[in-house]
Each structure stands twice: as structure tokens, then as C-alpha cells.
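In: show me the folded form of this:
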Amino acid sequence: MQIKDAEKLHPELKKIFVLENIHEFRPVQEKSLKSGLLDNKNLLVCTPTASGKTLIAEMAIAHHVLEKKLKAIYIVPLIALANEKYKSFKKRYEKLYKIALSIGDFDSSDSQLSQYDVIVCTAEKLDSLLRHNVPWLSSVGLIIIDEIHLLNDPGRGPTVEILITMFKHILKNLQVIGLSATIGNPKDLAEWLEAELIQDSWRPIQLHQGIYFNGMIEFVKE
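Out: The predicted structure follows:
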């Protein structure tokens, strides 16, 4: 599918894609659009690394912020990844909406976040904001959970699970999008999220399996 043919995609977002020489959707992006990405449908996207999952999130963010005038929260498991996503989003979209990074003091309600459209944060920080009962949370329309397979992590998993459960209870029209390259039980997770499962094996560079020994690599014949 060509970018220009995506009717529900915001015109300003299309302009940015064209400027960055993005003219055609990758398979998983097209599948997500056809499965209701811009119609408030919950999605669980499980595809290989570098297959285009982040752009799916970016399209949903733009739709909620620019079309529906709602906030979006992008949850990541690590502070380093939060910084990376924040810098990437700010570089590409700072002219379209205001982006904030929230990873600091868990005892702070960060009242200034009410002025921002997109908040990139860790699950632990979002849990803190929820406990502070910050008023702007009622204006959130979209939550994206990057590396959602970490629900299975004994350290971070329970926090992410509680956050998803609480937000779905508090915000009845919330859209939830989970992203991951490695989920062992995607169908079960999609059912729990009440989400459409999007799977695809396409990747930009084909992987080859081989054995390295004594300066030589012997690849497995496919």
C-alpha cells in the first residue's frame, strides 16, 4: 500500500513521510492499518526487529493527538530506550505536537506533563503518576507498550500488567497497542488485551544461520 492511499492518515504525517522518502508501507504496517489501527482497535503487533513496528505506533499517536485531541503514552522498559525514543520522536514530530520524557523522581506528580501531547516513560514512572492521581490521565486516548513480552519478566511484568488493567478500567475508550519481536504465546496475550493479533515474518534483511569455526562460517542450507 502506498502512503498516499492511506485515507485516514493525517495529511501532516504524510508530508513528513514523503520528506523522509517513505512512500510505501511495509507488510506489518499495512496489516495494522487494515485491522483498525486508526479506528481505535487494540492491536498486538508481533514481528521481527526492524520490520516497522515503531512507525505503527507513530501513526496511531498522530491520529489521537491531531485528529482526536487526546494524549498518547509510550511505555518502554528501560531508561536508555526511553531516551532513544524521545529523541527520535522529537526530531521527527516536534513541529506537530509536544513530546515529553518522564523517567525521573517517582515521588513527583510532574504537573508540567499536562501541557504535553505525547509522554514517553517507563512503566515504573507511569505507575507513580497513576498513584499520584494526576488529572491529565483522563485525557489519554492511547497507550503503547513497547517490548510487551516483558509482561513475563518477574521484575517489570507485574507493573506493566497492573497498568494495562487499571487504564482499561479507568478509560473506557482507550486504545492499547502492544509491540514485540518475541512473544511465546501471542494468541493468549492478544486475547487478554482484547486485541487483534498482527503477525508477519517480513524483515528488511534476511537472516542466515551458520556455525563459525577456525575462521570459517558454514551456513545452514535452506
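
In: wait, residue 35 touches residue 45, no?
Out: No - counting by C-beta atoms under 8 Å, residue 35 stays clear of residue 45, with 9.5 Å between them. C-beta here means a position set from N, CA and C on the backbone, and glycine is covered the same way.

In: looking at the two, which is more packed in?
Out: Using other C-beta atoms under 10 Å as the criterion, residue 35 and residue 45 rank with residue 45 on top: 32 against 16.

In: rewinding a little: now do the shared contacts for residue 35 and residue 45.
Out: residue 198 (C-beta atoms under 8 Å, 6 or more residues apart in numbering).

In: what's the pLDDT at residue 139?
Out: Residue 139 carries a pLDDT score of 94 in this model.

In: so it makes contact with residue 73?
Out: No - assessed by C-beta under 8 Å, residue 139 is found out of contact with residue 73, at 10.8 Å.

In: for the two, indicate the residue with more neighbours.
Out: residue 73 (23 against 12).

In: how near is the more buried one to residue 64?
Out: Using C-beta to C-beta, to the nearest Å, residue 73 is found at 10 Å from residue 64.

In: between these two, which contacts overlap?
Out: Contacts common to residue 73 and residue 64, judged by C-beta under 8 Å, 6+ apart, are residue 142.

In: low-confidence ranges in the chain?
Out: 105-109, 202-208, 222 (pLDDT under 70).

In: helices of this structure, residue ranges please.
Out: 11-19, 27-34, 53-62, 79-93, 123-131, 157-170, 186-193 (DSSP state H).

In: how about TSV for these, with mean neighbour count and distance to residue 218 added?
Out: Listed next are the helices of the chain as TSV, based on neighbours: other C-beta atoms under 10 Å; distance: least, C-beta to C-beta, whole Å:
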stretch	mean neighbour count	distance to residue 218
helix 11-19	14	42
helix 27-34	20	31
helix 53-62	22	32
helix 79-93	16	35
helix 123-131	19	42
helix 157-170	16	39
helix 186-193	16	33
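
In: possible to save those helices as TSV with distance to residue 149?
Out: Formatted as TSV, the helices of the chain follow (distance: least, C-beta to C-beta, whole Å):
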stretch	distance to residue 149
helix 11-19	28
helix 27-34	16
helix 53-62	12
helix 79-93	14
helix 123-131	13
helix 157-170	9
helix 186-193	8
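
In: relative to residue 179, which of those helices is closest?
Out: helix 53-62 (4.6 Å; C-beta to C-beta).

In: list the helices and strands that closest one packs on?
Out: helix 11-19, helix 27-34, strand 43-46, strand 71-76, helix 79-93, strand 140-146, strand 175-180 (3 or more C-beta pairs under 8 Å, 6 or more residues apart in numbering; DSSP states H and E).

In: quick one: that helix to chain centroid distance?
Out: 7 Å (C-alpha atoms, centre = their mean, to the nearest Å).

In: that helix vs helix 11-19, what angle?
Out: Inter-element angle recorded for helix 53-62 and helix 11-19: 150 degrees (by axes from the mean of the first three to the mean of the last three C-alpha atoms, to 10 degrees).

In: what's helix 53-62 in contact with?
Out: Against helix 53-62 from outside (C-beta under 8 Å, 6+ apart): 9-10, 12-13, 22, 26, 28-29, 32-33, 37-38, 43, 45, 47, 72, 74, 85, 88-89, 92-93, 96-97, 118, 142, 144, 146, 175, 177, 179, 181.
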